[in-house]
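> One predicted model, sequence on top.
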Amino acid sequence: MKPENAVEAKGITKKFKVYYDKGSSLKERVLFKNRRRHEAHWVLKGIDLEIKKGEAVGLIGKNGCGKSTVLKLLTRIMYPTEGSIEMDGRVSSLLELGAGFHPDMSGRENIYTNASIFGLSHAQIEKRIDAIIRFSELEDFIDHPVRTYSSGMYMRLAFAVAIHVDADILLIDEILAVGDAGFQSKCFEKLKDIKAKGTTIVIVSHVMEQLKNICDRVVWLEGGQIIQDGKPSEVTALYLEETQKRREAKIEADFQEKLRNPYFCTEGAVREGNLDIYFTDAQVRNAEGKQAVFVHADEPMEICMKYHAGIVGKRINFTVNITRDDGVHCFGTSALSGMEESTAGILSKKAGSISMVIEKNHLLKGRYLVDIGIQDLQEERFDYIYNALEFRVKDVGDAQGIVNLPRHWKMDEGKGIQEDLETEEEEF
């Protein structure tokens with residue numbers, strides 16, 4: 001092992017058996033031997049990882065990629081199928097809430113038990129116990145059974161013990177996602193202090209900003225292998241970009257599946273009205289005139305509606321309302337506002353179509369829902385569908401809010417700020 005390293009993992013693989021059907025008792029296992037069919041599931045497929053002393057390394061990746069398995073192998077809760085792991089120093093871990101806690105023992109008693117598991121003597125625990133209790137902020141509950149604790153209180157006590165055992169290597173698995181914002185901030189400040197003292201930290205988290213603030217490196221795991229290993233800002237950016245691409249691909253696949261369904265509305269649509277006149281189809285179309293779930297900012301888009309009329313010769317109005325998925329109403333309009341009043345909305349045929357063309361979409365990135373309606377001039381509803389359609393707007397740069405307003409920047413090229421200040425001083 002290299003003298004500058006705290007952790008060296010070489011060629012690590014880990015295989016689990018996934019049983020299709022397994023007897024739960026000895027009798028069932030003897031009588032039904034054929035029920036032990038299983039397949040091999042390789043969680044890790046050859047990991048090489050070196051972590052230097054005093055380095056903070058973050059592990060990222062989607063659920064099931066092997067992050068937690070790596071930490072469990074480092075703590076020797078489990079052992080690799082193949083490969084070797086070497087570590088230099090005392091290890092403290094926070095892998096599961098309350099691991100090693102006895103529910104019927106008080107918080108104080110569990111401090112002694114848990115700290116002794118990490119290798120501290122009774123005398124060493126005595127010196128630290130007041131600091132542990134003070135950091136946990138559980139003074140009023142420290143002599144209560146831990147079974148009466150909330151998950152946040154469990155986390156406070158577990159974290160307080162783990163950071164006071166003077167470990168050389170600290171392993172943390174998502175535990176800081178529990179607890180109030182104030183305590184999470186306190187924990188990360190403490191982690192920075194621990195890191196500054198030379199402790200090696202390996203942390204699993206889905207909060208990219210936290211990792212960028214504390215880690216020297218970030219390792220991206222995918223399918224049991226290392227995809228990227230490098231600077232936190234670079235690796236997290238690549239990971240988020242890939243995650244977004246996969247999310248969009250899934251949305252597009254679901255949309256294409258929906259196109260094969262003859263009912264055009266979204267799953268959460270709500271319909272009301274007497275249906276004397278009703279919609280038979282509705283679509284969102286992109287700049288190319290194709291039905292789509294994704295549209296781009298600053299490009300044309302179109303909301304197309306087909307209808308069937310049980311009555312003709314009646315003047316009607318079509319309405320469209322666009323709402324962001326958090327409930328913010330973004331836009332609403334009616335067809336009559338864009339037609340000649342003398343001929344607006346008079347039905348002469350039992351079937352037809354109407355489109356609202358948006359010449360340039362100024363909505364910002366997000367998911368939007370479209371309500372469509374047919375009503376007469378007295379606002380009696382023939383057909384109104386809430387959340388009939390959905391579409392998503394892709395990135396539009398650095399603008400924030402609801403709409404991307406057309407704009408340009410202009411700078412005064414006359415006298416500068418310094419000249420203005422000098423003029424003011426002379427007048428003064």
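Received it, and whenever you're ready, just let me know what you need.
> which regions of the stretch 151-300 of the chain lie under the pLDDT threshold?
175-179, 258-263 (pLDDT under 70).
> For it, which segments count as strands?
For the stretch 151-300 of the chain, the strands defined by DSSP state E, counting those that start in this stretch occupy 169-173, 200-204, 217-222, 225-230, 270-272, 277-285, 294-295.
> Show the secondary-structure elements that the longest one is packed against.
Strand 277-285 is packed against strand 301-309, strand 366-376, strand 381-393, with contacts defined by 3 or more CB pairs under 8 Å, 6 or more residues apart in numbering; DSSP states H and E. No exception for glycine: its C-beta is placed from N, CA and C like everyone else's.
> Give me the pLDDT for E340.
Per-residue pLDDT puts E340 at 53.
> wait, what's in contact with the residue lying closest to L74 once chain neighbours are set aside?
Distances taken as CB to CB, 6 or more residues apart in numbering put L171 closest to L74, at 5.8 Å, once the chain neighbours are dropped. The neighbours of L171, taking CB atoms under 8 Å, 6 or more residues apart in numbering as the test, are L71, L74, T75, V91, S92, S93, L94, L95, V202, I203.
> again, but for T69
For T69, the contacting residues are K14, V43, L44, M78, by CB under 8 Å, 6+ apart.
> Apply 10 Å and report the result again.
By CB atoms under 10 Å, 6 or more residues apart in numbering, the residues touching T69 are I12, K14, F16, V43, L44, I47, I77, M78, P80, L221, G224.
> before we move on, what about Q283?
Q283 is in contact with 259, 264, 290-292, 302-306, 355, 389, 391, counting by CB under 10 Å, 6+ apart.
> Next: I277.
Contact analysis of I277 by CB under 10 Å, 6+ apart lists 307-312, 314, 316, 347, 350, 374-376, 381-383.
> most neighbours, which of those?
Most neighbours among the contacts of I277, by other CB atoms under 10 Å: I374, with 27 neighbours.
> hang on, isn't it packed against I385?
Yes: with contact defined as CB atoms under 10 Å, I374 counts as touching I385 (9.5 Å).
> Just the C-alphas of stretch 138-157, formatted as CSV.
Provided in CSV are the C-alpha atoms of stretch 138-157 (Å, rounded to 0.1, in the frame of the first residue of the first chain):
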residue,chain,number,x,y,z
LEU,A,138,-30.5,16.1,22.8
GLU,A,139,-29.8,17.2,26.3
ASP,A,140,-33.5,17.0,27.2
PHE,A,141,-33.9,13.5,25.8
ILE,A,142,-30.5,11.9,26.3
ASP,A,143,-31.8,9.6,29.2
HIS,A,144,-34.9,8.5,27.3
PRO,A,145,-35.0,5.2,25.4
VAL,A,146,-33.9,5.7,21.8
ARG,A,147,-37.1,3.9,20.6
THR,A,148,-38.9,7.1,21.5
TYR,A,149,-36.6,9.1,19.2
SER,A,150,-37.6,10.4,15.8
SER,A,151,-35.4,9.5,12.7
GLY,A,152,-33.9,13.0,13.0
MET,A,153,-32.9,12.5,16.6
TYR,A,154,-31.4,9.1,15.7
MET,A,155,-29.3,10.8,13.1
ARG,A,156,-28.2,13.6,15.5
LEU,A,157,-27.0,11.0,18.0
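> Any buried residues in that stretch, and which?
By neighbour count on 16 or more other CB atoms under 10 Å, the buried set for stretch 138-157 is L138, F141, I142, V146, Y149, M153, Y154, M155, R156, L157.
> Could you name the specific helix or strand carrying the nearest residue to T75 once chain neighbours are set aside?
Using CB to CB, 6+ apart and skipping the chain neighbours, the partner closest in space to T75 is S93 (4.6 Å). In this assignment (DSSP states H and E), S93 forms part of strand 91-94.
> So for the helix or strand following that strand, mean pLDDT?
Where DSSP H and E defines the elements, the next helix or strand beyond strand 91-94 is helix 107-117. Averaging pLDDT along helix 107-117 gives 90.
> Restricting to C-alpha, output helix 107-117 in PDB.
C-alpha atoms of helix 107-117 as PDB (Å, rounded to 0.1, in the frame of the first residue of the first chain):
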ATOM      1  CA  GLY A 107     -29.300   7.700  24.400                       C
ATOM      2  CA  ARG A 108     -26.500   8.100  27.000                       C
ATOM      3  CA  GLU A 109     -26.200   4.300  27.300                       C
ATOM      4  CA  ASN A 110     -26.100   3.900  23.500                       C
ATOM      5  CA  ILE A 111     -23.300   6.500  23.300                       C
ATOM      6  CA  TYR A 112     -21.100   4.300  25.500                       C
ATOM      7  CA  THR A 113     -22.000   1.200  23.500                       C
ATOM      8  CA  ASN A 114     -21.700   2.700  20.000                       C
ATOM      9  CA  ALA A 115     -18.400   4.500  20.800                       C
ATOM     10  CA  SER A 116     -16.900   1.300  22.200                       C
ATOM     11  CA  ILE A 117     -17.700  -0.400  18.900                       C
END
